[in-house]
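Student: missing the sequence, but the structure's below:
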Ligand code: FES
Ligand code: FES
C-alpha cells in the first residue's frame, strides 16, 4: 500500500476530516428541499397511475374529477403541447398514449389548488382499459412463444447508465433477439472449455437478485414554472441538472437557453434521481400557464420511478488445485421492465472484472417485461453479478479446502489486467483492500466466531469503474478578500465541502473564507451529472485548476505591487507576502477591493478550471461480515461488519467513511430485506416502507471502516471514485457468512427467513 | 363538512388553524403554519422523517390527525435549538458527520431528543432500539450512533 500518511501531513485542509458545510442547516430543519417550495398560484399535480400491467387505453372520462371544487384541469396524452414523442424512450412518453406497459404508468395528470384535492380527484378519473397479457418473468419472456411485452425498440439515445460508467472499446450491441430482447452483449477470452478441463473443481449455479428500490427518503419532487417570456424554470431534486435541462429542451422542443434547471437539495438519490418527470411537469406548466408542483408520495414513487432491475445470473466457474481460476462462463439476464435502460454493460464487464481469469465467456441479455422500467441504483448491475461471482468463489474455495481470503488475493485484478472488454485497468487497490480486511479484528477472530454454533463470517469484494464526464468550475475573489467557488454539480455526498477544502488548500486560506455554491444551469459552469461516483474526481480537478488559476492571477498582481518575482511570494491566510519579508505584503481584501471598486485598477480575479478526464479511477471494496442465524426461525442477525475501500486519497475522510458505511448498509438491505414483490398480474404488492423493508438501526451494527489509499493517476491529490463500490459486496458477503454459519447456501437474495429454512431443508416448495 | 378550528402550541407559539378532518398534523405544521423542517418520507408512519413530540410523546405526525392535536403542545425540529445556536444533539450530529442528504435528520434528531429526555445516558443498544422507527438511507447509522452517544456526553447525562 502506498504510504499516504506523509503525503497527508503536507496538507492543511485536504485529507482532514471536516464536517459538511451544509450540516448546520440540515440539523435545524432550515435546508429547503423541493417539497418546501411554494410559488404564487402554484397548482399541485397528481398522476393517474395505471392499475394494470399491460393494456390498451379505450377511453378516459375525467368529468367526475373535473367537477370537484378546486380541480383546475385533467390532462391526458392528447392534451399535452406538441413535443417529441418516442415510444421507446420512457422519458419521452410523458403520459401513456394508447398502450399501458407497466403497472403504475402515468396515464393522466390531475391539477388542483392543493395536493389533497388533486389526490382525491385523481381517483375519480375513469380510464377504460382493454387488458393484454402481461409478460412478467424474464425467462418466460425469452421463450420463442412468449407474448410481446411491447413493440421493438431503438437504442436509447443517451442512456443513464452511460453516465455511471465509461468504457472504451465496448458498446452494447442491440440485436433482434428471440423474444422480448432489448439488447445483448458478449465478451470472450481464451477457451472456456479448455479452462474447465484444467479445473480441479467446477461449480455451477443460478443466482437471483430481485427488483429493488433506491428508497431515498425524499420521494421525487419537481416544480415547474413557465413565464410570460417563454422561459421554463424547473426545480428538481435531480442528481443531473444539466442532463435534465438538455433532455427537457429536446423533448419539449425548446432551445437550452429557455430552460433553466435548479437542482434543489437532493434528499437522497443513489442513481434513482437522474431524470424522469421533469418534461411532463414542464409541459403541464406550459399548458396551464401556472406553476405546477409534483410531489410523489412514497407509493407513487415505488410504482413509477426507476428502481433497480431483477437479475438472473447463470454462472459456471472452474478453479485449479492451487486456487487459480481457470474458467468463467456466465449468462447475465437483466429484466429492464417496459423500456430499455438496464445496466447490462457494467454487469457483464464486472462479472469478469474482479479476478484474473484466462478463459471467459460472458453473455448478457436485457429483457423487456411489463414492469416499471429500471434505472441506476448505486453501482448499477454490480451487486447483482457480485452476488453470483463472490458466492461461487467461496464455493470453489470450500470445495478445494482453500482459504477464501487466499483465493481472492491470488486472483484479484491488478493494474494492467484486462477487463472482459480488453481494456486494461489503471492503478487499482483490490489486493490492498483484501489485505486490510485480512488484518481486521473481525477477520482475525473468525475461527473463534465459528466455534459458536450458527455463527459465521463471510467475505466478498466489489468494485466500480466510475463514470467520466467533462466538468468546469470558477473561483472568484470577493471585495472583502473571501473566495467563492461556483460549480454545476449537485452536491449529494458532501462534494461542496471537499471543494471548499481544495480551494482553501490551494490558496492556503482558513476554510471559513471559502464558499462553494452549486449554481443553476443558467449560471453555473457545466458539470456532468452527480452519478458514477465521479464528482470529486472530475469536478474536483476543475475546482483545483480554477483555484490555481485564481492564485496565479493574484500572484501576478502582487508581484507587480510588491516588486518581487511570483516565485518569492507566498500566500498565508489571505495575505500575499514576500517570503521572509513580513513588511512586504498585501492582503486579499486589498486585492479584492482594487479589482472590484469604482476606479479599480485590476480586472476581477476569476479563476477558471475545465477538464475532460479520459482515464478512470476504479475503486474496489472488500467487506467481511459476521452473522448469527437462528436455525429455527431462519432469522439472520448481522453482528459485525467491516468495510475496506480504496479511495485513492480521502480528501474528507469523514465523508468517505460515511459513504462506505451508507453503501455497506444498502448492501445489507439488499442481502436481507429488500425486494419489490409483484403478483401474477404484475401488480406491485409492497409499495410502502413497511412491506418494502429497509435496514433500521435494529439491523445495522456499527460499521468499521478501513480507508485504503492507492493513489489514482489522474484524480485531485490522487483521489479516486468513492460513492458506489461499497454497496456491491453486501449480498454476497452475507450469503457467504450464512453459508459459513449453517453450511447451507442461499442462491436468491434477499436471504429471508423462508429462504434460509428452505436451504436448511426445513421447508419444501 | 366544514373546516374545524383547532388551537395548538407549536414550539411555544400559539396557533389557531381551521382544518379539514382528514388533514394530518404534519400538513398543518408544514403547509399552514409554515414550519417546513419536518419532512414527509412515507406518509404512512413507517419512516419517522415527520417525527414530532406531541404532549410529551414522540409521534409520526404524518398519521396524526390534526383534529387530535387540538389543545396540544407540539415540539418540532425548529423547537430544538436553531437560530440561537445549535442544541448539543444538533452540534454532535454536525461534528460526527452524521448528516448526509439530511432528509431523515430532523425526525432523527427529534427522536434522539426524546430518547435523551427519558434516558440521558443510553447505551449503544438502547440507542439502536429507540431509533429503530427512523429510517436513514444515507448514513448507515454508525455516525448517528456516535452522535447520540456524544450528545449524551455533552449534555452531561
Ligand atoms: S412521513 Fe411520517 S413516518 Fe414517514
Ligand atoms: S441523511 Fe439521507 S436519509 Fe438520512
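Tutor: Here it is on my side, so go on. Since we're looking at a predicted model, the values are computed, not measured. Numbering: from 1, shown residues only, chains lettered A, B, ... in the order given. Ligands and ions are numbered 1, 2, ... in the order given.

Student: For residue 22, give me its contacts.
Tutor: Just going to use chain A. By Cβ atoms under 8 Å, 6 or more residues apart in numbering or on different chains, the contact list for residue A:22 reads A:31, A:265, A:491, A:494, A:496, A:497, B:99, B:102. Quick note: C-beta positions are derived from backbone N, CA and C, even for glycine.

Student: The intended chain is chain B.
Tutor: Going by Cβ under 8 Å, 6+ apart, residue B:22 touches A:116, B:65.

Student: And for the one 4 residues further on?
Tutor: Under the criterion of Cβ under 8 Å, 6+ apart, the neighbours of residue B:26 are B:38, B:40, B:50, B:52, B:61, B:62, B:64.

Student: Recalculate using a threshold of 6 Å.
Tutor: Counting by Cβ atoms under 6 Å, 6 or more residues apart in numbering or on different chains, residue B:26 touches B:50, B:61, B:62.

Student: Which helix or strand contains it?
Tutor: helix B:25-27 (DSSP states H and E).

Student: just the strands in the stretch 301-450 of chain A please.
Tutor: Here the stretch 301-450 of chain A has its strands, by DSSP state E, counting those that start in this stretch, at A:310-319, A:325-337, A:360-368.

Student: any chance of the ones you listed in a markdown table, plus mean neighbour count, distance to ligand 2 and mean pLDDT?
Tutor: As requested, those are arranged in a markdown table below (neighbours: other Cβ atoms under 10 Å in any protein chain shown; distance: least, Cβ to the nearest ligand atom, whole Å; pLDDT from 0 to 100):
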| stretch | mean neighbour count | distance to ligand 2 | mean pLDDT |
| --- | --- | --- | --- |
| strand A:310-319 | 24 | 25 | 98 |
| strand A:325-337 | 25 | 26 | 98 |
| strand A:360-368 | 25 | 31 | 97 |
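
Student: do you know which of those strands lies nearest residue A:220?
Tutor: strand A:325-337 (16.9 Å; Cβ to Cβ).

Student: Quick one: distance of the helix holding residue B:26 to the chain centre.
Tutor: Averaging C-alpha positions (Cα atoms, centre = their mean, to the nearest Å) puts helix B:25-27 12 Å from its chain's average.

Student: Could you confirm whether any residue of that helix contacts ligand 1?
Tutor: No - against ligand 1, helix B:25-27 shows no contacts by Cβ under 6 Å from any ligand atom, the least distance being 6.5 Å.

Student: Is ligand 1 within reach of the next helix or strand after that helix?
Tutor: Later in the chain than helix B:25-27, the nearest helix or strand by DSSP H and E is strand B:51-54. No - using Cβ under 6 Å from any ligand atom, strand B:51-54 never reaches ligand 1; the gap is at least 7.3 Å.

Student: Sheet partners, orientation included, of strand B:51-54?
Tutor: Strand B:51-54 sits in its sheet next to strand B:57-60 (antiparallel), strand B:73-75 (antiparallel), going by DSSP bridges.

Student: For the chain, which residues score under the pLDDT cut-off?
Tutor: If you meant another chain, say so; for now it's chain A. A:1-6, A:152-178 (pLDDT under 70).

Student: um, chain B though
Tutor: For chain B (pLDDT under 70), the answer is B:1, B:82-83.

Student: again, only this time at 80
Tutor: Where chain B drops to pLDDT under 80, the residues are B:1, B:82-84, B:157.

Student: residue in chain B nearest to chain A?
Tutor: residue B:37 (2.0 Å; Cβ to the nearest Cβ).

Student: What is the neighbour count of that residue?
Tutor: 25 (other Cβ atoms under 10 Å in any protein chain shown).

Student: rewinding a little: kindly present the strands paired with strand B:51-54 as TSV, with separate columns for mean neighbour count and distance to residue A:572.
Tutor: Compiled in TSV, the strands paired with strand B:51-54 are given as follows (neighbours: other Cβ atoms under 10 Å in any protein chain shown; distance: least, Cβ to Cβ, whole Å):
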stretch	mean neighbour count	distance to residue A:572
strand B:57-60	20	50
strand B:73-75	21	46
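
Student: Figure out which of these is closest to ligand 1.
Tutor: With Cβ to the nearest ligand atom, the closest approach to ligand 1 among the strands paired with strand B:51-54 belongs to strand B:57-60: 3.9 Å.

Student: Does at least one residue of that closest one sit close to ligand 1?
Tutor: Yes - judged by Cβ under 6 Å from any ligand atom, strand B:57-60 comes into contact with ligand 1 through residue B:60.

Student: which of the contacts of residue A:22 tops the neighbour count?
Tutor: Going by other Cβ under 10 Å, residue B:99 tops those with 30 neighbours.

Student: hang on, the earlier thing: right, and the residue of chain B closest to chain A touches residue B:108 too?
Tutor: No - using Cβ atoms under 6 Å as the test, residue B:37 is too far from residue B:108 to be in contact (12.0 Å).

Student: tell me the contacts of the residue of the stretch 401-550 of chain A found nearest ligand 2?
Tutor: Relative to ligand 2, the nearest point of the stretch 401-550 of chain A is residue A:492 (9.4 Å; Cβ to the nearest ligand atom). Residues in contact with residue A:492, defined by Cβ under 6 Å, 6+ apart, are A:266, A:269, A:530.

Student: next one: residue A:589
Tutor: Residues near residue A:589 by Cβ under 6 Å, 6+ apart: A:480, A:481.

Student: looking at this, it is in a strand?
Tutor: No - read with DSSP: H, G, I helix; E, B strand; the rest coil, residue A:589 is helix and lies in no strand.

Student: Against ligand 2, how distant is it?
Tutor: Residue A:589 sits 37 Å away from ligand 2, going by Cβ to the nearest ligand atom, to the nearest Å.

Student: Residue A:225 too?
Tutor: Residue A:225 is 27 Å from ligand 2, by Cβ to the nearest ligand atom.

Student: Now that residue: closest residue in space that isn't a chain neighbour?
Tutor: residue A:291 (4.2 Å; Cβ to Cβ, 6 or more residues apart in numbering or on different chains).

Student: What of residue A:12?
Tutor: Using Cβ to Cβ, 6+ apart, the closest residue to residue A:12 is residue A:505 (6.1 Å).

Student: Let's have the contacts of residue A:22 in TSV, adding secondary structure.
Tutor: Below are the contacts of residue A:22 laid out as TSV (three-state DSSP):
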residue	secondary structure
A:31	coil
A:265	strand
A:491	coil
A:494	coil
A:496	helix
A:497	helix
B:99	coil
B:102	coil
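
Student: check those against ligand 1, which are close?
Tutor: For ligand 1, no contacts are drawn from these by Cβ under 6 Å from any ligand atom.

Student: Let me know the closest of those residues to residue A:480.
Tutor: For the contacts of residue A:22, the residue nearest residue A:480 by Cβ to Cβ is residue A:496; the value is 20.6 Å.

Student: Run a quick check on the closest one versus residue A:516, I expect a contact.
Tutor: Yes - counting by Cβ under 6 Å, residue A:496 does reach residue A:516; the two are 4.2 Å apart.

Student: What number of residues are in the vicinity of the residue of the stretch 51-200 of chain A found nearest ligand 1?
Tutor: Closest contact between the stretch 51-200 of chain A and ligand 1, by Cβ to the nearest ligand atom, is at residue A:115 (14.1 Å). Each residue near residue A:115 was counted by other Cβ under 10 Å, and the total is 19.

Student: mind checking how far it is from residue A:265?
Tutor: 20 Å (Cβ to Cβ, to the nearest Å).

Student: Likewise for residue B:149?
Tutor: 27 Å.
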